[in-house]
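# Test case, fold it:
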Amino acid sequence: MEISFNSGDGSQGGGGSTPEEDITITKAEHEKLVKTSNEYLKIKETSAKTEGRIKELEGSVNALTGEKEELAQRFADLEGNVKQQFYEQLPEEHKKIAELIPTIEGLKEYVKLNAAKPPAGSDSNRPGTGTGDNFNSKWDELSYNEKEELRK
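Below is the predicted model of the structure:
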């Protein structure tokens, strides 16, 4: 079976060299063209969806990049404030050394070891009994096994 197409008659404007051209194709060729055309339309539709998704993802990337930069700045500010609080606990001679410590955890340990001690004559260092722990009463509260563990 053959299908005939008429590109138009001479009264219509056309691009052919003759006023009328007949094109004849087989049914198999027609079905192949229809199938190819349908595939093209599906690909075109998928491409449009993909383009939309790409634009959506690009917007998400831009938003997340901005959020990341904001969070990085907030983290840097917080880290600087925490370090400053630790530096304030140190005497002047230890501050320069503490500034070389890169991590907050390391700085925390350094401050714990080298924090400024109160002056020798201050009230916090008064001799005598005070709020200190009574070691003997705590020793008596320990069980035999706990005492043996401590002796090892």
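# Sheet partners, orientation included, of the strand or helix carrying T24?
Using DSSP states H and E, T24 maps to strand 22-26. Next to strand 22-26 in the sheet, as set by DSSP bridges, lie strand 2-6 (antiparallel).
# what about the protein, any weak spots by pLDDT?
Counting by pLDDT under 70, the chain contains low-confidence residues at 1-20, 116-140, 151-152.
# can you give me the helices in it?
27-88, 92-98, 104-114, 135-141, 144-151 (DSSP state H).
# Which one, of those, ends up nearest to E21?
helix 27-88 (16.8 Å; CB to CB). No exception for glycine: its C-beta is placed from N, CA and C like everyone else's.
# what angle separates the closest one from helix 104-114?
10 degrees (axes from the mean of the first three to the mean of the last three CA atoms, to 10 degrees).
# before we move on, back to that, give me whichever of the helices of the chain is most buried.
With neighbours taken as mean count of other CB atoms under 10 Å, the helices of the chain reach their highest mean count in helix 104-114, at a mean of 14.
# Mind listing what's buried along the strand holding T24?
By 16 or more other CB atoms under 10 Å, strand 22-26 has no buried positions at all.
# With distance to E21 added, can I get the helices of the chain in JSON lines?
Shown next, in JSON lines, are these (distance: least, CB to CB, whole Å):
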{"stretch": "helix 27-88", "distance to E21": "17"}
{"stretch": "helix 92-98", "distance to E21": "91"}
{"stretch": "helix 104-114", "distance to E21": "83"}
{"stretch": "helix 135-141", "distance to E21": "111"}
{"stretch": "helix 144-151", "distance to E21": "106"}
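# quick one on the thing from earlier: send me the strand holding T24 as CSV with only the CA atoms.
Extracted in CSV, the C-alpha atoms of strand 22-26 (Å, rounded to 0.1, in the frame of the first residue of the first chain):
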residue,chain,number,x,y,z
ASP,A,22,3.3,14.3,-5.7
ILE,A,23,5.3,12.4,-3.1
THR,A,24,4.6,8.7,-2.7
ILE,A,25,5.9,6.7,0.3
THR,A,26,5.2,3.1,1.4
